[in-house]
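Asks: Next comes the sequence, and after it the predicted model I'd like to discuss.
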Amino acid sequence: MAEEEEVAMASEQHFQNAKAYMLSTSNENGVNIYDHMCKILTKILSEKPDNVVDIFEDISKSLKKQKFKPKFDTVQNKPVIPKKYQIAELQRPLFRKCEDEELIPPEGADENDPLTPLNNLMENAYYFEEAGVGLSREETFRVYLGLRQLADTYPLQKVRFWGKVFGTNANYYIAEVEFREGDDPEETTVIEQPPPLFGLDKKLPETSDLQPATEENNFDAEDPLPKSEWKPPVTIPFEEKGYGANKNTYFVTTELGQAWVRLPNVTPAQIQMARRIKKLFTGDLDAPVLSYPPFPGTEKSYLRAQIARITAATHISPINFYMFDEEEEEPEEDAARDHYIENPEFEGVSARDLVDPSNSNWQHHVQYLLPQGRCTWFNPAQRGEEEYDEEEDDEEREEPDEPEPEAGPALLTPISEDNEISEGMGAWTLKLSSTRIAQYALAIVKSNVWPGACTIGFDKKFENLYVGNGIKYELENYSPQPPPPVMAEYPTGPEVTEADDPSAEEEAAVRAAEAEAGGEDGEGDEEEEEEEDDD
């Protein structure tokens, strides 16, 4: 019995040693041979296949594949980057510290010239904050950094923050700039070509391509094909860069930190169509302007047209701050002045005088936009010889009627002469920023025609700003312009007028009357023949 117990204890000891060894050996995934063999046997006993010896290795491989975990996942989770983080990464270059070399003026430059063409935007933001308009301080600081980036990119002489226009998907930050003389990269006036209208992008057949009137094609030679007498209206030319509505250049961006985009120059047709439609901005410069009448251009041209309209109507300055140059030659007859200089003898106007109810202490320093869409009137009757048809004779040419010239308020006209919106509602609202401490208050002038346009001023300082959606105020609700009436297919007349068919009784009466008239004519002829025979 003792020997048997010793043998059993030795076997148990060998079993425990073998089990410990099988449990201790494992691969990189942590699977040991003992657990793997247990799973194989469990699978065999549960499924009981016929050819266990042949598929033993396959069972082992399938169990290993189930435990296999690669170091990478083919379906990787893409991390969602927060919007704030994207904006921060985009605006990081704006906070670049200026190098010492940038603070040194270039060689040959005047010591009195400023190192940057930017004005003190943060100071202006403080004054507009006193007026209750404008942007937040943080946003204003980012605008200033964006304008500094623009000034470092282009050779600019003057940079000014024009304003902010709200859009449905994104907002526009607009900068008004002036290039140094001779350093503008675009030497010519650049305008956007309007896209072709829907359905008119295909070439229409010309009159010469039509078949002539012959007997074979069943055309009546006496009735030739009609010839259109319609002539397109005269295209009003746009004003050159640096004059009129295109005096200044504008850059725009939807996100501070991104590249600034230069807006094209505006044309009279775009200004005329912008006056006839009301359209909110989307924030996409290349978006089409879907409206009726169709706008000749994309949203970038529509934005440029609205900027020209707002600037001409709302940019004002204290009276006598600007003056006409006395050394400048007098303009020609029926021509308005378009140039002024800063008055060196201007002594300033107090805030109390600037909010005088007579509105006589403010003046427009931007030219008026005529209904034609230009600041200087163009005579459409002055057409060149090349606009006439070469086949037309001099006798067939009709001299056009001389149109009446358009005229508007002259430059530096007081705002007191602006038209009222309605009875009791003027074009401007003037008030002080504070009535408690009037000696430190500043004058606030807000436009009622273009809500969002504001001007602040005191002593010798003033500034204009626009923050709005770019829509003009109207007393009545906007109603789209109806389409024109349908053109007549042919001229109306008795020969083409439809008439009711006569009844049987009316036809019988007409035939009887014709028969009686024929009988009387026959008797008269017989009497005339008898008289001739007698002669």
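Replies: Arrived safely, thanks for sending. Numbers count the residues shown, from 1 in each chain.
Asks: Can you get me a residue count around the closest residue to Gly426 other than its chain neighbours?
Replies: Nearest non-adjacent residue to Gly426, counting by C-beta to C-beta, 6 or more residues apart in numbering: Glu420, 5.3 Å away. Placement of C-beta: from N, CA and C, glycine included. By the measure other C-beta atoms under 10 Å, the count of residues near Glu420 is 10.
Asks: wait, Glu420 sits on Trp428?
Replies: No. Using C-beta atoms under 8 Å, Glu420 is not in contact with Trp428, being 10.0 Å away.
Asks: Distance-wise, check the residue nearest to Gly426 relative to Val449.
Replies: Distance, Glu420 to Val449, by C-beta to C-beta, to the nearest Å: 10 Å.
Asks: now swap in Glu3 and tell me
Replies: Glu3 is 119 Å from Val449, by C-beta to C-beta.
Asks: ok, now Lys460?
Replies: 27 Å.
Asks: who's more crowded, those two?
Replies: Using other C-beta under 10 Å as the criterion, Lys460 and Val449 rank with Val449 on top: 18 against 11.
Asks: Spatially nearest residue to the more buried one, not counting backbone neighbours?
Replies: Excluding the flanking residues, the one nearest Val449 by C-beta to C-beta, 6+ apart is Ala427, at 5.3 Å.
Asks: Likewise for Glu178?
Replies: Nearest residue to Glu178, sequence neighbours excluded (C-beta to C-beta, 6+ apart): Lys158, at 4.2 Å.
Asks: In three-state terms, how would the one you found be classified?
Replies: Each residue gets one of three states, and Lys158 gets strand by DSSP: H, G, I helix; E, B strand; the rest coil.
Asks: didn't it look like it was pressed against Ala175?
Replies: No. Contact criterion C-beta under 8 Å: Lys158 and Ala175 do not qualify, at 10.4 Å.
Asks: the more surrounded of those two?
Replies: Ala175 (23 against 14).
Asks: does that one sit in a helix or strand, and which one?
Replies: strand 172-179 (DSSP states H and E).
Asks: Can you list the helices and strands that that strand packs against?
Replies: helix 137-153, strand 156-165, strand 249-253 (3 or more C-beta pairs under 8 Å, 6 or more residues apart in numbering; DSSP states H and E).
Asks: Just checking the distance from that strand to the centre of its chain.
Replies: 15 Å (C-alpha atoms, centre = their mean, to the nearest Å).
Asks: got any ranges where the stretch 301-450 of the chain has weak pLDDT?
Replies: Within the stretch 301-450 of the chain, the stretches with pLDDT under 70 are 329-336, 383-400.
Asks: let's go with 80 and repeat that
Replies: Where the stretch 301-450 of the chain drops to pLDDT under 80, the residues are 326-338, 382-402.
Asks: now do the stretch 1-150 of the chain
Replies: Applying pLDDT under 80 to the stretch 1-150 of the chain flags residues 1-8, 19, 22-31, 64-80, 83-84, 94-116.
Asks: quick one: the helices in it?
Replies: Per DSSP state H, counting those that start in this stretch, the stretch 1-150 of the chain carries helices over the ranges 2-24, 33-47, 52-67, 83-91, 121-131, 137-153.
Asks: tell me the angle the shortest one makes with helix 137-153.
Replies: With axes from the mean of the first three to the mean of the last three C-alpha atoms, to 10 degrees defining the directions, helix 83-91 sits at 30 degrees from helix 137-153.
Asks: right, and the residue nearest to Val449 touches Lys446 too?
Replies: No. No contact is recorded between Ala427 and Lys446 when judged using C-beta under 8 Å, the distance being 10.2 Å.
Asks: Now the common contact residues for those two.
Replies: Among the neighbours of Ala427, none is also in contact with Lys446 (C-beta atoms under 8 Å, 6 or more residues apart in numbering).
Asks: Contacts only, for Trp260.
Replies: Contacts of Trp260 (C-beta under 8 Å, 6+ apart): 146, 149-150, 153, 175, 251-253.
Asks: How about Pro409, nearest residue that isn't a chain neighbour?
Replies: In space, Pro409 is closest to Tyr368, 5.1 Å off (C-beta to C-beta, 6+ apart).
Asks: Gly408 is in contact with the one you found, correct?
Replies: Yes. Proximity of Tyr368 to Gly408 meets the contact threshold set by C-beta under 8 Å, at 3.7 Å.
Asks: For the residue nearest to Glu178, give its distance to Gly146.
Replies: Going from Lys158 to Gly146 by C-beta to C-beta gives 16 Å.
Asks: do Gln372 as well
Replies: Distance, Gln372 to Gly146, by C-beta to C-beta: 36 Å.
Asks: If you count surrounding residues, which of the two has more?
Replies: Gly146 (22 against 17).
Asks: sorry, back to before: roughly how far does the residue nearest to Gly426 sit from Ala427?
Replies: From Glu420 to Ala427 the distance is 6 Å (C-beta to C-beta).
Asks: Kindly report the same for Ala441.
Replies: Distance from Ala441 to Ala427, by C-beta to C-beta: 23 Å.
Asks: just Ala513 next, same as before
Replies: 76 Å.
Asks: So which of these two has more stuff around it?
Replies: Ala427 (19 against 10).
Asks: list the contacts for that one?
Replies: Contacts of Ala427 by C-beta under 8 Å, 6+ apart are 415, 418-421, 447-449.
Asks: just Asn119 next, same as before
Replies: Residues near Asn119 by C-beta under 8 Å, 6+ apart: 159-160.
Asks: neighbour-wise, which of the contacts of Ala427 leads?
Replies: Neighbour max across the contacts of Ala427 (other C-beta under 10 Å) = Ser447, 25 neighbours.
Asks: wait, that residue sits on Thr311?
Replies: No. Counting by C-beta under 8 Å, Ser447 does not reach Thr311; the two are 11.6 Å apart.
Asks: so what's in contact with those two at the same time?
Replies: With the criterion set as C-beta under 8 Å, 6+ apart, the contacts of Ser447 and Thr311 do not overlap.
Asks: Tell me how many other residues crowd the residue nearest to Ser24 when sequence neighbours are not counted.
Replies: In space, and not counting its chain neighbours, Ser24 is closest to Asn32: 7.1 Å by C-beta to C-beta, 6+ apart. Asn32: 15 surrounding residues under other C-beta under 10 Å.
Asks: For beta bridges, what are the partners of Asn32?
Replies: On the basis of DSSP bridges, Asn32 is bridged to Ser26.
Asks: same thing with Leu432?
Replies: According to DSSP bridges, beta-bridge pairing links Leu432 with Ala443.
Asks: cool, Val159 as well?
Replies: What pairs with Val159, by the bridge criterion (DSSP bridges), is Leu118, Val177.
Asks: Thought Thr153 was touching it, still the case?
Replies: No. In terms of C-beta under 8 Å, Val159 does not count as a neighbour of Thr153; the distance is 10.8 Å.
Asks: and stretch 338-349, which residues are buried?
Replies: For stretch 338-349, the neighbour count (16 or more other C-beta atoms under 10 Å) marks 340, 346, 349 as buried.
Asks: Between its first and last residues, how far does that stretch reach?
Replies: End-to-end distance for stretch 338-349, by C-alpha to C-alpha, to the nearest Å: 25 Å.
Asks: which other residues reach it?
Replies: Counting by C-beta under 8 Å, 6+ apart, 243-244, 318-325, 328, 361, 365, 367, 375-376, 411-412, 457, 459-460 sit against stretch 338-349.
Asks: out of the residues you listed, which are buried?
Replies: Using 16+ other C-beta under 10 Å, the buried members of these are 243-244, 318-319, 321-322, 361, 365, 367, 375, 411-412, 457.
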